[in-house]
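1. Here's my sequence, what's the structure:
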Amino acid sequence: MVRKKRVRIVKKIRDANGVWGFVSMKRAGDRYVWDDRPGYYFLDWRDGKKRCRQLAGSSPSEALEARRRKQNELLGELISRSKPALLDQQSALTPIKDAIRMHQEHVKTHSPDKPKTLQRYAKVHEHFERILGHKNALEVITRADIEQFKVTRSSEFSQQHPRQVTPRTVNFEVGVLRAFFNYLINERGLQLTNPCAHFKPLKDKQAKGRRKPPTYTQDEIDRMVDACSRFDKAIYATFLLTGLRDEELCYLTWPDVNLKNATIKVTSKDEFSPKDYEERVIPIPPDLLTLLDGLPRQSHWVFPNAKGGRITHLLRRLKSIAKKAGVENATLHKFRHTYATRLLEAGNDIVTVQKLLGHSDLETTRQYLDPHESLKRKAANLLSLRAKV
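-> As a prediction, the model looks like this:
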């Protein structure tokens, strides 16, 4: 069985002659008798024949927490050099595999209608276990380990795209790990300090230099509409004129559509909930109302597949239409960007646009505020050297 290394708490104080020195803390059973003299606490342990010391803070509580972390860290190193099976003998430590399983069960239980969220979290767990799994126990993961995770992930290449993992992705993954540790601390009662707390996000030069999200020009929209069947025209017009997300449109049912009041209501379904669980009502513009009113009612879904089930693979259909129309870089989310940009350029206030898009954060909507060059020119032309009569 692996035994914990002994880690003592000592204190560095200044004596009457002004000379700094270390003094050992007296013990009363299992408890320390703290020294009232001003100074700093240190941890003291041996690594073979080498004596090691490390600053542990200026208060008894800081010293005790530092001692607990150091003991777990040293134990983790011993276990890493031994057989992982020995971890089962350490009831105070949590195997990383068990911690991941608990968190995934938690996410699945609390977000049964968010399968993509579970998939994204599971992918982060996979990277975490691959990079830091050799530590075996969750309690021995330190802030330095999370830093190593960031360094390792930043040097890797994405499996979905032939490019290096971006700072934005790494920041997202560390954010997931922070939630992972918070869950274990707050919900499972594990005695540990979150190594991801107050982490410094990686700077993303590409994101900083990025302008507002890309949009379709009117010419591109016209060409794609001309290349669409009547059914496809209704689909992509709904994207363009309501700003719906991909899944929101795929899960759209006829009870959600009120042609009399010209509204669409985004609602939760058995296997789907809107992002941030925020249901919303979106007005239907006249052009879209005509298209929707002309659709057959052969299914519960507004846009069913050939067998009457829920439609999927809309991006694949769009790529085919865009290729026929000679439109490059076509994406579903680009319709949503176009919808938001047009609303703002038409003079609508940003809070109204936020509610129409279903954004929980106003900053997300603010990214669309960079106006088109023609609108900038129109605004600039209102200025003059002399007062206008």
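2. where in this protein is pLDDT low?
-> Scanning the chain for pLDDT under 70 picks out the ranges 1-5, 76-92, 160-162, 205-212, 276-277, 370-379, 382, 384-385, 387-389.
3. Put the alpha carbons of stretch 324-340 into PDB.
-> The C-alpha trace of stretch 324-340 is given here as PDB (Å, rounded to 0.1, in the frame of the first residue of the first chain):
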ATOM      1  CA  LYS A 324     -25.800  25.600 -58.100                       C
ATOM      2  CA  ALA A 325     -26.200  29.300 -57.400                       C
ATOM      3  CA  GLY A 326     -22.400  30.000 -57.400                       C
ATOM      4  CA  VAL A 327     -22.400  31.200 -53.800                       C
ATOM      5  CA  GLU A 328     -19.300  30.500 -51.700                       C
ATOM      6  CA  ASN A 329     -19.000  29.900 -48.000                       C
ATOM      7  CA  ALA A 330     -22.700  29.300 -47.400                       C
ATOM      8  CA  THR A 331     -23.600  28.300 -43.900                       C
ATOM      9  CA  LEU A 332     -26.900  28.100 -42.000                       C
ATOM     10  CA  HIS A 333     -25.800  30.500 -39.200                       C
ATOM     11  CA  LYS A 334     -25.000  33.100 -41.900                       C
ATOM     12  CA  PHE A 335     -28.700  33.600 -42.400                       C
ATOM     13  CA  ARG A 336     -29.000  34.400 -38.700                       C
ATOM     14  CA  HIS A 337     -26.100  36.900 -38.900                       C
ATOM     15  CA  THR A 338     -27.800  38.500 -41.900                       C
ATOM     16  CA  TYR A 339     -31.200  38.700 -40.000                       C
ATOM     17  CA  ALA A 340     -29.500  40.400 -37.000                       C
END
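4. Distance from the chain centre to it, please.
-> Taking Cα atoms, centre = their mean, to the nearest Å, the mean C-alpha location of stretch 324-340 is offset from the chain mean by 24 Å.
5. Tell me which residues are up against it.
-> 212-216, 220-221, 223-224, 226-227, 236, 239-246, 314-315, 318-319, 321-322, 353, 357, 365, 368 (Cβ atoms under 8 Å, 6 or more residues apart in numbering). Placement of C-beta: from N, CA and C, glycine included.
6. what about 6 Å?
-> The contact list for stretch 324-340 (Cβ atoms under 6 Å, 6 or more residues apart in numbering) reads 213-216, 220, 223-224, 227, 239-240, 243, 246, 315, 318, 322, 353, 357, 368.
7. Quick check: which element contains the residue nearest to the spatial centre of the chain?
-> Geometric centre of the chain, nearest residue: residue 172, 4.2 Å, by Cα atoms, centre = their mean. Under the criterion of DSSP states H and E, residue 172 resides in helix 167-186.
8. Residues touching that helix, excluding its own?
-> Helix 167-186 is contacted by residues 99, 103, 106, 121, 124, 150, 153-154, 190, 194, 196, 199, 201-202, 204, 207 when judged by Cβ under 6 Å, 6+ apart.
9. Would you show me how to pick out the buried ones of those residues in ChimeraX?
-> Of the contacts of helix 167-186, the buried ones can be selected in ChimeraX as follows, counting by 16 or more other Cβ atoms under 10 Å:
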select :99,103,106,121,124,150,153,190,194,196,199,202
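10. which pair in the contacts of helix 167-186 spans the largest distance?
-> The span of those, defined through Cβ to Cβ, is set by 190 and 207 at 34.0 Å.
11. can you give me the helices for the stretch 51-200 of the chain?
-> 60-81, 96-110, 115-132, 143-154, 167-186 (DSSP state H, counting those that start in this stretch).
12. May I see these organised as TSV, with distance to residue 338 added?
-> Formatted as TSV, the helices of the stretch 51-200 of the chain follow (distance: least, Cβ to Cβ, whole Å):
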stretch	distance to residue 338
helix 60-81	51
helix 96-110	33
helix 115-132	24
helix 143-154	33
helix 167-186	22
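13. Which of these sits closest to residue 284?
-> Of all those, helix 115-132 comes closest under Cβ to Cβ, at 27.1 Å.
14. and that closest one, what does it pack onto?
-> Contact analysis of helix 115-132 by 3 or more Cβ pairs under 6 Å, 6 or more residues apart in numbering; DSSP states H and E lists helix 96-110, helix 143-154, helix 167-186 as its packing neighbours.
15. If anything else comes up later, I'll come back, but that's it for now.
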